[in-house]
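S.K.: structure for this input, please:
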Amino acid sequence: WVGKDQDNSDVTATLTNFTFNSENGWVDDKLIISGKSWVEVPVNPLANNARYGMTIDIEFLTKPIGVDDAEVLNLWNDTDNCGIRITTDRLIMRSKAGNECNLFFSENEVVSATFVIDRNEKVAKIYINGVMCEGFPLSDYVANGVSYLEDFTVNSNIFLGGYNKNGYCEIKNLRVYEIA
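M.R.: Numbers count the residues shown, from 1 in each chain. From the prediction side, this is the model:
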């Protein structure tokens, strides 16, 4: 799976454990991720704590298959319990300080989710289908000319599908911006 970055350079994602049939792989312009398949996208907008802001926009569908908290997207720091995560029915964005947006959505429906960290406006927020549904103010401040930013740092790439927990999802679109 090859996408383009802002400089029109290739960004090559790694697809693992795909069988490329009707249950798993590219079908009708969407990537179906099921079973033990997953995708590593070599992009990490939280590696530098989204210093200038960040936006992740993803369009997807999930189906209940009986796996609690199966993952659609994982950009999470397990040690600090922060980052961005999508399960089969929840959108989660959490800072290291414990500030959090945690929203539920319906399975079996196409969802467009947008996660935003806006350093200029000092707010983190989640949109569902274009509607801002939840947010929280950031504790960013400047003292003696030094910026202190609420911490969202994650030192790994974006994972789609069952990297940590296997489920069923269809990815229709993924866009990542290093600005709000």
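S.K.: going forward, measure contacts between C-alpha atoms and count neighbours the same way
M.R.: Noted.
S.K.: span of stretch 118-131 from start to end?
M.R.: Its start and end residues considered, stretch 118-131 measures 16 Å (CA to CA, to the nearest Å).
S.K.: now this protein, which segments are flagged as low pLDDT?
M.R.: 162-165 (pLDDT under 70).
S.K.: same thing but 50
M.R.: For the chain, applying pLDDT under 50 flags no range at all.
S.K.: what residue of the protein is the furthest out?
M.R.: residue 144 (34.0 Å; CA atoms, centre = their mean).
S.K.: what separates it from residue 109, distance-wise?
M.R.: 49 Å.
S.K.: what's the answer for residue 169, then?
M.R.: Residue 169 is 11 Å from residue 109, by CA to CA.
S.K.: which of those two has more neighbours?
M.R.: A count of neighbours by other CA atoms under 10 Å puts residue 169 above the other of residue 169 and residue 109, at 28 against 11.
S.K.: and the more buried one, what does it touch?
M.R.: For residue 169, the contact set (CA atoms under 8 Å, 6 or more residues apart in numbering) comprises 32, 33, 34, 60, 61, 62, 63, 72, 88, 161.
S.K.: which residues touch the third one?
M.R.: Contact partners of residue 34, counting by CA under 8 Å, 6+ apart, are 23, 24, 161, 162, 166, 167, 168, 169.
S.K.: wait, the third one touches residue 31, no?
M.R.: It stands for residue 161. No - if you go by CA atoms under 8 Å, residue 161 and residue 31 don't touch, sitting 10.1 Å apart.
S.K.: who has more neighbours, those two?
M.R.: residue 161 (29 against 20).
S.K.: and the more buried one, bridged to which residues?
M.R.: For residue 161, the beta-bridge partners under DSSP bridges are residue 38.
S.K.: and if you look at residue 27?
M.R.: With DSSP bridges as the rule, residue 27 is bridged to residue 30.
S.K.: number of residues surrounding residue 67?
M.R.: Neighbours of residue 67 (other CA under 10 Å): 12.
S.K.: I'd like the numbering to begin with 208 instead of 1 from here.
M.R.: Okay, using 208 as the starting number, the last item reads as residue 274.
S.K.: where's the nearest residue to it once chain neighbours are set aside relative to residue 289, distance?
M.R.: Among residues not flanking residue 274 along the chain, residue 374 sits closest, at 6.3 Å (CA to CA, 6 or more residues apart in numbering). Residue 374 sits 22 Å away from residue 289, going by CA to CA.
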